[in-house]
Each structure stands twice: as C-alpha cells, then as structure tokens.
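>>> Okay, here's the prediction I keep looking at, along with the sequence it came from:
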Amino acid sequence: MSQSITVSATGGNTSVVLFKSQSWLTVTLRLETTPEQFTVTANPTSPTILSPGPYQDTIQIIGQNNTILVPVSLTVSSIAVTPQTLSFATLLEATTSRRVKT
C-alpha cells in the first residue's frame with residue numbers, strides 16, 4: 001500500500017531530510033530538495049508479518065526553517081475462512097462396452 005506526499009518550500013528550493021521509526025514503513029525519494037514527491041509505503045509483511053491490530057508512526061520532514069510531522073496509520077485485519085476444511089466425494093459410473101457382431 002503506497003501513497004505519495006509532495007513537499008514544497010515557499011521562496012524556492014530547500015533541502016529536506018525525512019525520518020520514520022517503524023520498519024513496516026518505507027519512504028522513497030528521488031532527490032532531497034524541494035519541490036519533491038515522496039512515496040510512502042506501508043508493508044505489513046516486511047520485515048516480519050504484523051499481527052492484526054492498529055499501528056502508527058510519524059514521518060518527520062525536517063527543512064532548514066521548520067519540521068513537519070506527518071502521522072501514518074496502518075490497520076492490519078485478520079481474515080476468517082469458513083469452512084476450514086473441504087471434502088469432495090464423487091461416484092464414477094461403470095461403463096459397459098457392447099460388441100456388435102456383423
């Protein structure tokens with residue numbers, strides 16, 4: 001699951017640094033100067049499979065003059081399968097071949 005955020009600065013380009021603390025969250029970028037679009041990906045299976053429940057992190061975007069905090073939420077749901085087993089049965093009919101004398 002990915003979403004993009006765009007970081008821009010009033011008055012021109014500026015350098016930014018991004019920090020996150022959770023391993024299930026990744027941030028990819030091309031450059032580290034604004035304006036820039038960052039892709040944020042929440043992966044509930046990497047590096048380990050997360051248990052069902054809510055998860056939070058905050059991305060810190062630090063520029064020359066200020067810091068912006070972007071909250072990130074991830075909810076991992078469990079699934080249920082009913083029935084948990086399947087059983088199949090079938091009846092094969094016997095075929096009788098007939099010979100016709102000519």
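That came through, no problem.

>>> What ranges does the chain have for its strands?
2-7, 17-19, 25-28, 36-42, 53-62, 67-76 (DSSP state E).

>>> winner for burial among the ones you listed?
strand 36-42 (a mean of 17; mean count of other CB atoms under 10 Å). Quick note: C-beta positions are derived from backbone N, CA and C, even for glycine.

>>> Give me the sheet partners of that strand and which way each runs.
Strand 36-42 has the following sheet partners, assigned by DSSP bridges: strand 2-7 (antiparallel), strand 25-28 (antiparallel).

>>> Please tell me how far the closest residue to residue 54 other than its chain neighbours sits from residue 8.
Of all residues not flanking residue 54 in the chain, residue 75 sits nearest, at 5.2 Å (CB to CB, 6 or more residues apart in numbering). Remark: distance between residue 75 and residue 8 (CB to CB, to the nearest Å) = 30 Å.

>>> mind checking how far residue 57 is from residue 34?
Counting by CB to CB, the gap from residue 57 to residue 34 is 22 Å.

>>> got it, and residue 56?
26 Å.

>>> quick one: contacts for residue 67?
Applying CB atoms under 8 Å, 6 or more residues apart in numbering to residue 67 gives the contacts 60, 61.

>>> Report the separation between it and residue 79.
Residue 67 is 39 Å from residue 79, by CB to CB.

>>> Any idea which helix or strand in the protein has the lowest mean pLDDT?
strand 17-19 (a mean of 89; mean pLDDT, DSSP states H and E).

>>> so where's this protein uncertain?
Residue ranges of the chain with pLDDT under 70: 30-31, 95-102.

>>> swap the cut-off to 80 and go again
The model of the chain has pLDDT under 80 over residues 29-32, 80, 93-102.

>>> which residue sits closest to the spatially most central residue of it in space, ignoring its chain neighbours?
Nearest to the centroid of the C-alpha atoms of the chain, with distances taken as CA atoms, centre = their mean, sits residue 1, at 3.1 Å. Nearest in space to residue 1, with sequence neighbours left out and distances taken as CB to CB, 6+ apart, is residue 42 at 5.0 Å.

>>> same check, this time on residue 29
residue 38 (4.8 Å).

>>> Am I right that that neighbour is in contact with residue 27?
Yes. The criterion here is CB atoms under 8 Å, and residue 38 meets it with residue 27 at 5.6 Å.
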